[in-house]
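J.: give me coordinates for this.
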Amino acid sequence: MFRVTKEIHFCYGHRLLGYAGKCRHLHGHNGKAVVTLESAVLDRLGMVVDFSEVKRVLGKWIDDTLDHRMLLHRDDPAVPELERQGEPLVLLDANPTAETIARVIFDHAAAVGLPVVEVTLWETESACATVRRGGDARPVAVTVREARPR
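T.: Numbers count the residues shown, from 1 in each chain. Next up is the predicted model:
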């Protein structure tokens, strides 16, 4: 079995509904998604997947969809005001925890045909969450609301 890993850096904001700690407030992170791909066979060039392909496909999606966005639960009471202000939002049907964000990235990688086996989202330099292939977690519904001019 062969494995390759690609790191993708991005910035995002979020807050956690129903949480008693500091993360109940709107705040941001410089996140790092560590994506691991696996295959029993290599392609004609001797690769699992070309790193530039991972960057082109998954890195671009993260940049276009998650980077510099507020990731919020769709029921967050801040959503209407942020929409009124024209802010770009990513609305989730679950709290935007590191676990949930890792799952969203994993699901997208799998949906575009990458042989993903694991995604680790580093929320800070010392805290991360990992999702692996084979878990029974349901996909997280994602709605992207583009910024609109004010």
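J.: check which element follows the longest helix along the chain along the chain.
T.: Longest helix of the chain, by residue count under DSSP state H: helix 98-111. The helix or strand immediately downstream of helix 98-111 is strand 116-124, counting by DSSP states H and E.
J.: and that next one, what does it pack against?
T.: Applying 3 or more CB pairs under 8 Å, 6 or more residues apart in numbering; DSSP states H and E, one finds that strand 116-124 makes contact with strand 27-39, helix 98-111, strand 127-132. Backbone N, C-alpha and C define where each C-beta goes, glycine included.
J.: for Glu81, find the nearest of these.
T.: Nearest to Glu81, of all the helices and strands packed on strand 116-124, is strand 27-39, at 16.6 Å by CB to CB.
J.: where does the protein dip in pLDDT?
T.: Low-confidence segments of the chain (pLDDT under 70): 135-138, 145-150.
J.: farthest from the middle of it: give me that residue.
T.: Distance from the centre of the chain peaks at Arg44, with 30.1 Å (CA atoms, centre = their mean).
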